[in-house]
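Chemist: no sequence on this one, just coordinates:
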């Protein structure tokens, strides 16, 4: 069934986003060298992850409703 496959894909996305959120949180906790820290846009990464979370919630709503 297509909706079951979609829910499996959404679950996979949720797990991947969760792992990325943990990695970004770890980056903010670690004191990195200035050259490394300047290459990572942590607020941008967090905003992108929030956007993905919103998209996943929207997709879930569409598949359930």
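Modeler: The structure has been received and is ready for your questions. From a predicted model like this one, the values you see are computed outputs, not experimental measurements. Numbers count the residues shown, from 1 in each chain.
Chemist: For residue 21, list the residues it contacts.
Modeler: By C-beta atoms under 8 Å, 6 or more residues apart in numbering, residue 21 lies in contact with 46, 49. For every residue, glycine as well, the C-beta is placed using N, CA and C.
Chemist: Tell me, how many residues neighbour residue 46?
Modeler: Number of residues near residue 46 (other C-beta atoms under 10 Å) recorded here: 16.
Chemist: where's the closest residue to it other than its chain neighbours, which helix or strand?
Modeler: In space, and not counting its chain neighbours, residue 46 is closest to residue 24: 5.8 Å by C-beta to C-beta, 6 or more residues apart in numbering. Counting by DSSP states H and E, the element that carries residue 24 is helix 2-29.
Chemist: Could I get the average pLDDT for that helix?
Modeler: When pLDDT is averaged along helix 2-29, the result is 82.
Chemist: and it, which residues are buried?
Modeler: Buried residues in helix 2-29, counted by 16 or more other C-beta atoms under 10 Å: 10, 17, 21, 24.
Chemist: doesn't residue 48 make contact with the residue nearest to residue 46?
Modeler: No: with contacts counted by C-beta atoms under 8 Å, residue 24 stays clear of residue 48, the gap being 9.2 Å.
Chemist: coming back round to it: against residue 60, how distant is the residue nearest to residue 46?
Modeler: For residue 24, the distance to residue 60 equals 22 Å [C-beta to C-beta, to the nearest Å].
Chemist: Isn't residue 20 up against residue 46?
Modeler: No: assessed by C-beta under 8 Å, residue 20 is found out of contact with residue 46, at 9.8 Å.
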